[in-house]
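Visitor: My questions are about this predicted structure, shown below with the sequence.
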Amino acid sequence: MIIKLEKIKVQSRKAEEAIDITAHVDELVAKSGVKNGLVNVMTCHTSSGLLVTEGLPCLEEDILTHFARLLPEDENYHHRRYLDFDGRVGFNAETHLKSILGGIQCSFPIEDGKVVRGSRQTIYFMEYDGPLERTYMVQVLGE
């Protein structure tokens, strides 16, 4: 059994952004030596996410626009207060909620050394609270 874990840094450039990481995940699977198994991708942050959808710029914009309508920045969130446990003011409840709604991980089977996914499925790292340097993990398991 092969188990490999890679921690990847990504720099977002905008407050909210969909970053296509599909090719990088494919590359890590190819380099892993795993012929049949599973690849898991996960963000390390509670104000970012991972989404799998069709890779079109217009859809990327639709996702961000829809989340902004669902979770407006200026809403009166309970998180917008002094957080005594860490001495800071919570200001970004909507980014955490976007992460919850969109998800923080995705998994795909690996067959014959390649990631198995639908022909239009694209893996996006979703920035909701940037611009920031972020980390996501790719774990490849199999034989």
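Guide: Noted; the coordinates are in hand.

Visitor: ranges for the helices of this protein?
Guide: Along the chain, counting by DSSP state H, helices occupy 22-32, 57-70, 93-102.

Visitor: Could you point out which of the ones you listed sits nearest Thr43?
Guide: Across these, the minimum distance to Thr43, taken as C-beta to C-beta, is reached by helix 93-102, at 7.7 Å. Where C-beta positions appear, they are placed from N, C-alpha and C, glycine not excepted.

Visitor: In the closest one, which residues are buried?
Guide: When neighbours are counted by 16 or more other C-beta atoms under 10 Å, the buried residues of helix 93-102 are found to be 93-99, 102.

Visitor: about what we covered before: just name the most buried of the helices of the chain.
Guide: Looking across these with neighbours counted as mean count of other C-beta atoms under 10 Å, the highest average goes to helix 93-102: a mean of 19.
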